Every structure is written in structure tokens, then in C-alpha cells.
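In: my questions concern the predicted model and sequence given below.
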Amino acid sequence: MNLREGGVEQLANVIVGTRNSAANYAQTDTEKWLISQQIYLFESFKENKADIKNENVPNAFDRTVADITVSDGFLSSIKASPDLRFIFYTVATGDEGKDTEMPGTGSSESIGMVYDRIEKKNYSLDLNGLTGITDFPWFVKDSAGIRSVDIGEIQWSPDGNQNFIQFRSYDNKDRWIASVDLFTGKLTVLNRQTDTAWIAGPGISGWDASGDAGWLADSKTIWFQSEASGYSHIYTYNTQSKHLKQITSGNFEVSDVVLSPNGEYWYYLATPEHPGIQNVYRTPVAGGNPEKMTSLNGGSSFYLSPDQKWIALLHSKANQPWEIYLQANKAGSVARRLTHSTTKVFDSYQWMVPDFVTVPASDGLPIYSRLYKPAEGKSNGAAVIFVHGAGYLQNAHQWWSNYYREYMFHNLLVSMGYTVLDMDYRGSAGYGRDWRTGIYRHMGGKDLSDHVDGAKWLAANHQIDAHRIGMYGGSYGGFITLMAMFTQPDVFACGAALRSVTDWAHYNHGYTVNILNTPVNDSIAYVRSSPIYFAEGLKGNLLMLHGMVDDNVQFQDIVRLNQRLIELRKENWELAVYPIEPHGFKTPTGWADEYKRIFNLFEENLLTK
């Protein structure tokens, strides 16, 4: 589109596969009646009926002869070169998986393509130019050829003369940043990152090739983040001098990197004072000493004003939800709070600020944790350990938790005399590469032993009866709870496993393959990491809770474990089923029922009779 004159020029026609007609998606009269019945019978559907829509496929428009045809797979990105001669596009092909029978276990490949509008021809990128592309990991048998990769979008320098593309191997061991000669498809590697476990970390991305990266204004320097030092930091690479430079450094992680509009500074969040305290820092683009811009502590996200005079902040603390603050873009300036989002009822309760502690792991490393303790003389001698989900997530920090319901539940437990421990176990975010990959090829290994060490620490240091410790958690936290109840039955008296993975071979391939490789090539990792293989070890009382329309860990996952427990003739377990709840529960009644059952489990099993 010519923005000055308003003319439109079509650069290329693109045909992607074939389209199904909208008629194939029409609902029958019976289906319409059944939907109406659901809304009539159930309050939850009645309250959310506006969300129930008939989604029809858009009508396909007529197409002329195409320049670019994608007959197998789907178009994942497309971008023209600044001079409009070349069109770079990526196509994802392969098995996309079966949503119901085997959720998310499909695999696919990315193909990078270039269309030359003058020569009117397509050609693919020459992936042989990626250093180490033929270096298959040890667990791949009879390997030959080149490894499959995921390909990111092309990024052009400000002057339009240079480019780079990010690549990530599907075995998750390599990330490349490379430039492409659009006349030939030949690649030149600018940076290669390799990890014996898997590539990830803040600004790097653990699932595809879309890590944070870009060009500086000089059109000859690119920037990106890397874990080369063991922690995610900012790096630059000069395409002319071939010089790689580390901009930030230290035993802490950098995230949310922003280049100032005038190109003078990097602004970013960092945690040099404590892994659970975020502040905004800035560093000159050429490198130098970092400057601390905010001092609110807790956690923040930030936005620079277009004139760079102000920093707007979303900020929270452990007992204060997110609020908006504004401060001058100058070190030492005072941030002024602009909002008050909580209600009088919420403010009237004395929400706890937990103790931020480190628990010594059996291998000597510190496990950063939150400790909730009853008032002096109010302890009932029992403890609960909460396990956060997602695996790679940080929760023992000093800002408002995404697990705010659990935070409130912990306040309730403490008021009843329980001590609560919430740990950033091995695999959690915020602590560098080695902590992140500490679960490689064995989920339920060090991440579980960290919790066992936590239980021992409670008994040794906080007057907790070692025989009255319970555990609960959802998703990955539910998985750890199952592994604890099955493999450490003498440590945990009871456990509540919410929406838990029971067999990693049946879970999302894109997540699991990073940590356990594939079940075909590394079956040992899957067997020793899956609770369903250890169910015979159950001794204490186990409560499982699962939504029937779970859109992450499918309901069939918990059903398979139930059958295993039945065949093992175990009796000290029960399953609470929630017919209309997805992975993250939606209804207040579902949440209330779930946590009442968890509370009753602790009351019945952890209190002295």
C-alpha cells in the first residue's frame, strides 16, 4: 500500500491447502436443542451463555493464478524484503497430533522458503549452513542427514541491507541466529547456542525460534539474550567485525529487555539483590555499569513514555495485588502510586507477608521458598507443602502471586494453626540455567527431593511433627504430589493432586520433549518420571481432583491412573470430578468445592486425634 497516494499493489498470491466449506460446520437441530438444554439446566452455562457461539468458517474468496502455493502444511509466517523483491515465508508441515486420543503428541517441521518476484521462482533455505545441523543427540539411533528445525521470522536491519533469522532444532539442543543470502538461500551463522539439556531461559524461548532479538540503529549490530554464562543476559554481535559482546553479567537473570527510543540505553528487569526482587535497570547500549532506576522491590513490569521522560510501572508485593505507578525516568526518583484496585473488604483483612527463606537441599544448594508461620503459640504441629505448577515458573518471589487463590488458602491454613511451605524447586524459573535443567531426563527426581528436604527442614527447625506433613498442588504440582505419595510414602501423610499429569508419554509433546526427549528414543526418562508406574507405593490418603473438560491435562489422564489403583486394590484414594471445569477452573462453586475437599483432607489426616 502506498501510504502517500493510496494505491495498492498485490505482491503475491498465496494458496494454502484447501478450505472446507462453512456448511460442514453447521449445527444440526438436535445439537442446537442440546445446547439450549445445557443453558436451561445449569446455572454456570446460563451465566456464560454469551460465550457460546456458532463459529462458521469464513467463505473462501476466488483466487487467480498463484505465485506461492503451500499444498502440504500451513503458512506460519510471511514477510517481504524492504525493496519488495523477495518474499520470505515459512511453512510448517507434518503430523499436528490428535487432540483427543493423544493430546499434542504430533511433530512437525518448518521449511524456510524465498520467492523471487523478478525471477518468479521459489527456493528453500540451505540448512546445511547451520553449524552442527548434522550433530544428532546421543539418544537418536541410526541418525542421518540434517536435524529438523523451527524457523522464526526474518528481521531486517534499519537500512534494509542486512537480515537475520532465528532457528531452533526440534530436539531442543541448538538455537542459531543466521543471515540469509536471498539470491541463493545460503545461510551464514552469526551465533549458535547449544545445550546438552534444552535451550530456554528468559528472552530465549523454550518452545520455538521466537526469542527476543533485534537490530541496533547502526544496521550492523544485532542483539539477543543467551544463557552462555549460566544466566540469561544481553549480548550484541557486530556483523562487520564479527565481535560478540556481553552487555549485562552476574548471577541473576535479565528479562523484558527494551531498547530506548533514542537508542542510547537498554532497559530491563533484573534481580541482582535477590531472585525474588525485581527492579528496573538500564545499561548504555555499548555496555557499561548498570543503573538502578526503581526501588519499589517486589515485582514490576514497566513501560517507557515515548518522550522517555517517564517510566510507568505495574507493581505488586507479596500481600498487595498489582497497581499502576509513575515515576520520572531518573535513578532515585520516587514512584507515585496512581491506582487503588482492591476493595474495602479485601483491605480489611491482614494478609500475610510470608518469610522469604532458603532451605538447604541435600546437595548443598539453596532452595528459595516462602514460609507461612502461625503466630507464636498457635501452631498445631502440622505442615502443608504447596507445589506450584508449570515446572518452569517462579513463585517464591516477593510480588503478588499468580496463585492468589492458593495464597489466600495459605492465609486460612495459617489461621487454623498450620505451617505452610511454598518452594521454588529444581526446574523453577528465576535461578539460571543449571537450576532450570536440574530435572532433565528425570521429572520427579531432584524436584521431588527438594520437597523431601523441605519436609525434613520443617521438622528440624520449626517444631513440625514429621508424621503430619501433607502436600498439594495443581498440574505439575499435582504430578509432584502423586510422585511424593507413591515414591516417598513415609514422608507425606496425605496429598491432594489437582489436574495432574500421570503419564508424560500422554502429555503435550512440545512441553515434554524439552525435558524428557521422546518416549520412543528415551523411554527410560518417561518411565522413571511418570507416576502411573509407581502407584503401588501409595500408603497415605490421596485425593485427586480433575475437570472433565480439562484443556491441558486431559481427563483421560487421571482415569487411566484410577484404573491402575483399582487393579492394585488400593483403597485409600478418591477422585473428585468436575463436569464443566477446564484446566484452570472457571466457576466459583468449582473452586470452593475443590478447596473445601483439600482442607478437609488435611483436617482429617494431619491433626492429632
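Out: Okay, I see it.
In: list phi and psi for residue 312.
Out: Backbone torsions of residue 312, given as degrees, to the nearest 10, read phi -90, psi 140.
In: please confirm that residue 437 is located within a strand.
Out: No: assigned with DSSP: H, G, I helix; E, B strand; the rest coil, residue 437 falls outside any strand and is helix.
In: got the contact list for it?
Out: Contacts for residue 437 were tallied using Cβ atoms under 8 Å, 6 or more residues apart in numbering; they are 195, 197, 198, 427. All C-beta atoms are positioned from the backbone trio N, CA, C, and that covers glycine.
In: touching, residue 116 and residue 85? I think so.
Out: Yes: judged on Cβ atoms under 8 Å, residue 116 makes contact with residue 85 at a distance of 6.7 Å.
In: what's the overlap in contacts for these two?
Out: residue 182.
In: quick check: chain neighbours aside, which residue is closest to residue 243?
Out: residue 237 (7.2 Å; Cβ to Cβ, 6 or more residues apart in numbering).
In: ok, what's across the strand from the one you found?
Out: Beta-bridge pairing of residue 237 under DSSP bridges involves residue 222, residue 244.
In: and the chain, what are its domains?
Out: Following automatic domain parsing, the chain resolves into domains at 68-246, 255-349, 360-606.
In: chain center to the second one: distance?
Out: In other words, domain 255-349. How far domain 255-349 lies from its chain's middle: 22 Å, per Cα atoms, centre = their mean, to the nearest Å.
In: tell me the mean pLDDT over that domain?
Out: For domain 255-349, the mean pLDDT works out to 96.
In: let's number from 275 now, not from 1
Out: Fine by me, first position is 275 from now on; the one you just mentioned is domain 529-623.
In: distance between the ends of that domain?
Out: End-to-end distance of domain 529-623: 33 Å, with Cα to Cα, to the nearest Å as the criterion.
In: check stretch 615-628 too.
Out: 22 Å.
In: show me what that stretch is in contact with.
Out: 591-597, 644-646, 681-682, 684-685, 688, 696.
In: switch the cut-off to 10 Å
Out: With contact meaning Cβ atoms under 10 Å, 6 or more residues apart in numbering, stretch 615-628 is reached by 591-598, 614, 643-647, 670, 672, 675, 681-682, 684-685, 688-689, 694-696.
In: in strands, which of the residues you listed fall?
Out: If you go by DSSP state E, those have 591, 594-598, 643-646, 694-696 in strands.
In: which stretches of the stretch 775-883 of the chain form helices?
Out: For the stretch 775-883 of the chain, applying DSSP state H, counting those that start in this stretch gives helices covering 783-790, 797-803, 829-841, 862-880.
In: out of these, which one sits most buried?
Out: Highest mean neighbour count among the helices of the stretch 775-883 of the chain (mean count of other Cβ atoms under 10 Å): helix 783-790, with a mean of 22.
In: just the CA trace of that helix, in CSV.
Out: C-alpha atoms of helix 783-790 as CSV (Å, rounded to 0.1, in the frame of the first residue of the first chain):
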residue,chain,number,x,y,z
HIS,A,783,4.8,-33.2,23.2
GLY,A,784,6.0,-29.6,22.8
TYR,A,785,6.4,-29.3,26.6
THR,A,786,7.7,-32.7,27.5
VAL,A,787,10.2,-33.3,24.7
ASN,A,788,12.3,-30.5,26.0
ILE,A,789,12.8,-32.2,29.3
LEU,A,790,12.5,-36.0,28.6
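In: for it, packing partners?
Out: Judged by 3 or more Cβ pairs under 10 Å, 6 or more residues apart in numbering; DSSP states H and E, helix 783-790 is in contact with helix 797-803.
In: tell me the helix or strand right after the lowest-mean-pLDDT helix or strand in the chain.
Out: Least confident helix or strand of the chain, by mean pLDDT, DSSP states H and E, is helix 317-321 with a mean of 64. The helix or strand immediately downstream of helix 317-321 is strand 342-344, counting by DSSP states H and E.
In: list buried residues within the contacts of stretch 615-628.
Out: 591-594, 596-597, 643-647, 670, 672, 675, 681-682, 684-685, 688, 694-696 (16 or more other Cβ atoms under 10 Å).
In: remind me which residues of this protein are low pLDDT?
Out: Along the chain, segments meeting pLDDT under 70 span 291-305, 307-308, 311-312, 314-340, 368-382, 480-481, 883.
In: which stretches of it form helices?
Out: 303-315, 317-321, 618-622, 678-689, 707-710, 720-735, 750-761, 783-790, 797-803, 829-841, 862-880 (DSSP state H).
In: to residue 396, which of the ones you listed lies closest?
Out: Among the helices of the chain, the nearest to residue 396 by Cβ to Cβ is helix 783-790 (28.3 Å).
In: that closest one vs helix 750-761, what angle?
Out: Relative orientation of helix 783-790 and helix 750-761, computed by axes from the mean of the first three to the mean of the last three Cα atoms, to 10 degrees: 50 degrees.
In: quick one: helix 783-790 to chain centroid distance?
Out: On the basis of Cα atoms, centre = their mean, helix 783-790 is displaced by 12 Å from the centre of the chain it belongs to.
In: for the residue nearest to residue 445 when sequence neighbours are not counted, the count of nearby residues, please.
Out: Of all residues not flanking residue 445 in the chain, residue 411 sits nearest, at 5.3 Å (Cβ to Cβ, 6+ apart). Per other Cβ atoms under 10 Å, the neighbour tally for residue 411 reads 16.
In: tell me who's in contact with residue 411.
Out: The contact partners of residue 411, by Cβ under 10 Å, 6+ apart, come to 417, 421, 443, 445, 446, 447, 448, 470, 791, 795, 796.
In: picking up where we left off before, for the contacts of residue 711, which single residue is the most surrounded?
Out: Within those, neighbour counts (other Cβ under 10 Å) peak at residue 701, which reaches 24 neighbours.
In: check contacts around that one.
Out: 664-667, 709-714, 717, 719-721, 724, 750, 754, 789.
In: how far away is it from residue 719?
Out: 10 Å (Cβ to Cβ, to the nearest Å).
In: one more: residue 355?
Out: 48 Å.
In: check residue 600 too.
Out: Distance from residue 600 to residue 719, by Cβ to Cβ: 46 Å.
In: please apply the same query to residue 712.
Out: In terms of Cβ to Cβ, residue 712 sits 8 Å off from residue 719.
In: mutual contacts of these two, please.
Out: In contact with both residue 712 and residue 719: 700, 701, using Cβ under 10 Å, 6+ apart.
In: the two: which has the busier surroundings?
Out: More neighbours surround residue 712 than the other of residue 712 and residue 719, with 21 against 18 (other Cβ under 10 Å).
In: surely that one is in contact with residue 666?
Out: No: judged on Cβ atoms under 10 Å, residue 712 makes no contact with residue 666 at a distance of 11.0 Å.
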